[in-house]
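the sequence isn't on hand, but the structure is:
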């Protein structure tokens with residue numbers, strides 16, 4: 001079992017909190033402000049999880065006080081567990097760090113002893129040896145949160161960026177209310193309604209004869225074609241905005257026939273294009 005362990009460290013104010021959020025979106029188990037002395041113990045937990053925890057990102061920095069001095073010892077201990085690790089070091093220009101501290105009104109970990117500029121200099125000196133051991137060094141000074149997310153995604157995944165957006169396809173009934181978490185909503189009430197056909201009324205859009213009835217018209221073919229074109233155009237746009245999930249909802253009156261049939265068609269459409277989706281028929285059994 002391959003385990004991925006990323007140790008995130010670097011200058012205070014360089015964006016470690018934002019980076020942790022990025023790793024969480026990539027499916028990593030994340031722990032912030034972990035003293036280095038606990039890193040080997042955490043490695044034991046990773047091994048004992050039997051594959052349930054195989055991607056981990058840990059943040060360790062001078063907030064750990066004197067414990068941070070034991071980082072090299074912790075890295076040596078990791079070799080005993082045969083867990084490969086990587087050090088990601090974050091930094092930024094002093095002027096940018098000072099501005100960030102002024103904007104957020106947060107205290108630098110060394111501010112009890114030094115003014116902000118001196119504290120940053122002392123921290124740089126203290127972290128120099130760690131920086132020299134880093135596998136990757138990322139200057140966050142000019143990066144927006146969205147740009148930072150793109151960088152982390154690019155650095156720590158072998159997949160395309162599109163693979164890291166979660167797509168949920170949801171059918172629903174308008175009489176039960178609009179889904180609050182939907183990003184895109186399409187109205188399928190323009191399609192033929194099986195509810196008015198007695199033999200179909202108690203069935204759902206998952207039955208083949210019902211879906212055939214719904215799609216047996218020119219308007220249905222155009223409807224599916226245009227929805228497919230639009231959603232496949234928009235997904236890369238969502239990814240470009242840094243989105244990690246999108247909910248596409250299709251509604252009909254009761255949420256049992258037309259919307260279910262359309263969502264199942266979209267599922268096949270996505271799978272044919274090599275994309276995995278989550279299916280939710282919210283009102284099918286109501």
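Everything's here; your move. Because the structure is predicted, anything quoted here is derived from the model rather than measured. Residues are numbered from 1 along each chain as shown.

make it CA atoms for all contacts and neighbour counts henceforth
Noted.

hmm, who's touching stretch 6-20?
30, 32, 56-61, 85-92, 97, 100-101, 108-109, 120, 123-124, 127, 131, 139-141, 145, 148-149, 152 (CA atoms under 8 Å, 6 or more residues apart in numbering).

same deal with stretch 204-218?
So stretch 204-218 is contacted by 191-194, 200, 203, 220-221, 256-261, 264, 284 (CA under 8 Å, 6+ apart).

on that earlier part again, pull out the buried members of the contacts of stretch 6-20.
Neighbour counting by 16 or more other CA atoms under 10 Å classes 30, 56-61, 85, 87-92, 97, 100, 108-109, 120, 123-124, 127, 131, 140-141, 148-149, 152 among these as buried.

before we move on, back to that, narrow the contacts of stretch 6-20 to those in strands?
30, 56-59, 85-91, 139 (DSSP state E).

wait, what's in contact with the residue lying closest to residue 178 once chain neighbours are set aside?
Nearest residue to residue 178 in three dimensions, chain neighbours excluded: residue 172, at 7.5 Å (CA to CA, 6 or more residues apart in numbering). Residues near residue 172 by CA under 8 Å, 6+ apart: 178-179, 249-252, 254-256, 259-260, 281-284.

list only buried entries from these.
When the contacts of residue 172 are checked for burial by 16+ other CA under 10 Å, the buried set is 179, 249-252, 254-256, 259-260, 281-284.

just the ones in strands from the residues you listed, please.
Short answer: the buried ones among the contacts of residue 172 in strands (DSSP E) are 249, 250, 251, 252, 281.

turn those residues into JSON lines, columns for pLDDT.
Output for these, formatted as JSON lines (pLDDT from 0 to 100):
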{"residue": "249", "pLDDT": "97"}
{"residue": "250", "pLDDT": "98"}
{"residue": "251", "pLDDT": "97"}
{"residue": "252", "pLDDT": "97"}
{"residue": "281", "pLDDT": "95"}
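
widest-spaced pair of those residues?
Longest distance between any two of these is 11.7 Å, between 252 and 281; criterion CA to CA.

of all the residues in stretch 263-276, which ones are buried?
Residues 263, 264, 265, 266, 267, 270, 276 are the ones in stretch 263-276 that count as buried (16+ other CA under 10 Å).

you'd agree the residue nearest to residue 178 is in a strand?
Yes: assessed with DSSP: H, G, I helix; E, B strand; the rest coil, residue 172 lies in a strand.
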